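Peer 1: the following block contains a protein sequence and its predicted model.
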Amino acid sequence: MMRGTNSGLLQGNPPTGRRLALPGADFIAVDGDRIRSVQGYFDQKTFVEQLGLQAIVVPTAVGPMMFGSRCAVQP
């Protein structure tokens, strides 16, 4: 569970100041005793809704749409 407060810009929109609690998972790849990569995933629909925004689902044929983001860290 990731927790935080929206205190920065989100796609050009001002911060809402709302607190978030997002379910998610981190997948860590190791090589011996070193971390090779970290990939984090979270519930993007919940993220949008907890900010007081509306998630709109459209057919793939209409075009790509993104909600939230994924991050990956590699040393």
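Peer 2: It's in.
Peer 1: going by C-alpha atoms from here, please, whenever you check contacts or count neighbours.
Peer 2: Noted.
Peer 1: tell me the contacts of L22?
Peer 2: 1-3, 42-43, 46-47 (Cα atoms under 8 Å, 6 or more residues apart in numbering).
Peer 1: among those, which lie within strands?
Peer 2: Those of the contacts of L22 mapping onto strands are 2-3, 42, per DSSP state E.
Peer 1: which among those count as buried?
Peer 2: For the ones in strands among the contacts of L22, a burial check counting by 16 or more other Cα atoms under 10 Å picks out F42.
Peer 1: adding pLDDT and distance to A25, write the ones in strands among the contacts of L22 out as JSON lines.
Peer 2: Converted to JSON lines, the ones in strands among the contacts of L22 look like this (pLDDT from 0 to 100; distance: Cα to Cα, whole Å):
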{"residue": "M2", "pLDDT": "89", "distance to A25": "9"}
{"residue": "R3", "pLDDT": "93", "distance to A25": "13"}
{"residue": "F42", "pLDDT": "88", "distance to A25": "6"}
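Peer 1: closest to D31 among the ones in strands among the contacts of L22?
Peer 2: Comparing those against D31 with Cα to Cα places F42 closest, at 24.6 Å.
Peer 1: in this protein, which spans are strands?
Peer 2: 2-5, 19-22, 24-31, 34-42, 71-73.
Peer 1: low-scoring stretches of the chain, by residue?
Peer 2: 63-75 (pLDDT under 70).
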